[in-house]
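Engineer: Fold the following and give me the result.
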Amino acid sequence: MDTAAIAQVLREARVLDAGGSLDVAPVSNHPARAAGHARTSYRVSTGGRPICHLTVGGDLHDLWERTRDFATACPTIACRPLFRHRNGGNEFVGVEYFEGDNLESLAAKGAITSAEAVACGERIVAALEETRQPSTAEAARREMDSTLDWIFASPLFGSLDRVVLNELILPFIRAGALEGPHATRWTNRDLIPRNVLRNDGEETRLIDCEFAARTHFFAEDWWRWHTHSGLGSDARDLPSLRKELPAAPWLEALFLLRQMALTCEISGAAQALADSHFVIDRLAALAAEARGERQPNVFFKPYASRNAEELAHLKTVYVALVQRQEETQRALLQAEAALDKVRNAGKAKSP
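Structural biologist: Modelled structure (predicted):
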């Protein structure tokens, strides 16, 4: 989308004055989104002053509502939603632009230490914890059943997959979900270092609220920070979260399955299957652990016998592939922005 079209939308949304000029810079998105979930994002500024972080897509109703609700619940760590506007076949969501860099980038540049990165994560967790409320086993069961029904309905899984899920995986997940005590709190459901921003004043923000919700299963925050992190090994733990995690396999199994179904929904089954090798290995080991299995199993041995070093290597390869995809996406967005400037310059010279 070119700068002139974005300027017109911002004028219609009464965010930009009639005579105002814009500088629009593309922001990297998660790569390989399916057509129904395709989005582009931009940093929009005028006169060197940021106006907003702008997201453009076909249907952004859910993104708008989750961003708004999360900002209401966690105002000290959220970027404020500014406007939602429809123009033609696209919707536009503008959110406060926070002038900061994410923790992974800061660590890579040597701008923060591992201890400082963990401290930023802990400040985010402290704000999320302020939204905690007690709950009941029945409420936890309803949320769990809804989540598992959604996972089970994913086109990623065939009929034999559903037999394995029903017989070996889902029972120990459901049993674990009913153990107390029960509580809910808010999370963006993607608490990773790339989604935590820090500015020069050491203020922090948690971004990416596409899946934000109040949930019983907020332990996913620790799992995501620990698993989907580009920080060093000494910064992949948030002690305030870990101390509350139950020593049981059901939580990790739930989060792994949810990630598979989510990848399928957002990026398509092919992408989900490409990322599935580590997940399948780990689910098999968790199922064996939950059932107290110590004897060899013909079908599960190829998976469960993988040692920690092999699994760590698979994860390293996966993270490298994701980072390479993100670099490619950034390059494509920069090329698109350069082409837009050339087109706009040509229009300006036309009689």
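Engineer: By mean pLDDT, point me to the weakest helix or strand of this structure.
Structural biologist: When each helix and strand of the chain is scored by mean pLDDT, DSSP states H and E, helix 301-304 comes last, with a mean of 53.
Engineer: residue ranges of the helices in the protein, please?
Structural biologist: 3-12, 61-73, 103-108, 114-129, 137-152, 159-164, 170-177, 220-227, 239-242, 250-267, 269-274, 276-290, 301-304, 308-349 (DSSP state H).
Engineer: By mean pLDDT, show me the worst of those helices.
Structural biologist: Comparing mean pLDDT over the helices of the chain, the weakest stretch is helix 301-304, at a mean of 53.
Engineer: Now render the helices of the chain as TSV, adding distance to Y42 and mean neighbour count.
Structural biologist: Yep, even glycine has a C-beta here, placed from its N, CA and C like the rest. As requested, the helices of the chain are exported to TSV (distance: least, Cβ to Cβ, whole Å; neighbours: other Cβ atoms under 10 Å):
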stretch	distance to Y42	mean neighbour count
helix 3-12	7	17
helix 61-73	15	18
helix 103-108	19	20
helix 114-129	25	18
helix 137-152	31	15
helix 159-164	39	11
helix 170-177	40	18
helix 220-227	26	21
helix 239-242	33	15
helix 250-267	20	20
helix 269-274	24	16
helix 276-290	33	19
helix 301-304	43	15
helix 308-349	9	12
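Engineer: Which of the ones you listed sits closest to S233?
Structural biologist: When the helices of the chain are compared by Cβ to Cβ, helix 114-129 sits nearest S233, at 8.8 Å.
Engineer: outside of stretch 61-68, which residues touch it?
Structural biologist: The contact list for stretch 61-68, computed with Cβ atoms under 8 Å, 6 or more residues apart in numbering, reads 55, 57, 78, 81, 84, 91, 93, 95, 209-213.
Engineer: can you pick the most crowded of those?
Structural biologist: Using other Cβ atoms under 10 Å as the neighbour test, those are led by C209, with 27 neighbours.
Engineer: Do you know the pLDDT at the residue positioned nearest the centre of the chain?
Structural biologist: What sits nearest the mean C-alpha location of the chain, by Cα atoms, centre = their mean, is D190, with 3.7 Å. pLDDT for D190: 93.
Engineer: just checking, F157 touches I169?
Structural biologist: No. Counting by Cβ atoms under 8 Å, F157 sits too far from I169 to count as a contact (10.8 Å).
Engineer: quick one on the thing from earlier: what pLDDT does the residue nearest to the residue nearest to the centre of the chain when sequence neighbours are not counted get?
Structural biologist: Closest residue in space to D190, ignoring its immediate chain neighbours: D208 at 5.4 Å, by Cβ to Cβ, 6 or more residues apart in numbering. For D208, the pLDDT comes out at 92.
Engineer: Wait, D208 touches N195, no?
Structural biologist: Yes. Assessed by Cβ under 8 Å, D208 is found in contact with N195 at 4.7 Å.
Engineer: if I look at these two, which residues touch both of them?
Structural biologist: N188.
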